[in-house]
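S.K.: Generate coordinates for the sequence data below:
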Amino acid sequence: MAIDFETDVGAVRLLIPDVDTENMFFIDPAIEAFLRMSGGNVRLATAQALDVIASSEAMISKKLTIDGRSTDGPAVAAELRARATELRRQVDAGEGDDTIGFDVLDFDPWRGYRGYNPDLF
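M.R.: Prediction:
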């Protein structure tokens with residue numbers, strides 16, 4: 001299955017990152033649920049997904065050392081949560097959001113006087 005990065009689901013996968021089509025973290029309906037819970041905001045949905053992965057990592061991996069090899073699930077979870085926090089900060093700041101900003105208009109200092117009729121007052 002190829003990932004379509006032009007869709008919201010594909011964009012969330014890209015930001016997680018969850019792009020290995022043979023070993024995906026989430027099925028599409030799960031990402032669609034994150035998007036619904038986040039009001040369709042890709043970054044907030046990604047933050048939700050990262051929080052879920054972080055919780056899973058902390059619960060499953062734990063901090064282990066076996067045969068000289070170690071894993072540190074809590075440290076990985078902390079990094080994932082930090083990434084989720086950064087995504088939420090970006091949303092709060094309006095970064096990458098084309099709906100926030102202003103338009104530049106031509107200034108016409110006489111616009112308010114056109115059509116002025118002193119007899120009406």
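
S.K.: Disregarding flanking residues, what is the spatial nearest neighbour of Phe34?
M.R.: Ala45 (4.0 Å; CB to CB, 6 or more residues apart in numbering). (C-beta placed from N, C-alpha, C; glycine too.)

S.K.: wait, isn't the one you found in contact with Asp8?
M.R.: Yes. Counting by CB atoms under 8 Å, Ala45 touches Asp8, with 7.5 Å between them.

S.K.: These two: who's more crowded?
M.R.: Higher neighbour count among Ala45 and Asp8: Ala45, with 26 against 17, using other CB atoms under 10 Å.

S.K.: What's the biggest helix in the protein, counting residues?
M.R.: helix 73-93 (DSSP state H).

S.K.: List the contacts of that helix.
M.R.: 15, 41, 43-44, 46-48, 50-51, 53-55, 57-64, 96-97 (CB atoms under 8 Å, 6 or more residues apart in numbering).

S.K.: try 6 Å
M.R.: Here helix 73-93 makes contact (CB atoms under 6 Å, 6 or more residues apart in numbering) with 43-44, 46-47, 50-51, 53-54, 57-58, 61-63.

S.K.: can you check stretch 54-64 too?
M.R.: Taking CB under 6 Å, 6+ apart as the rule, stretch 54-64 contacts 71-74, 76-77, 80-81.
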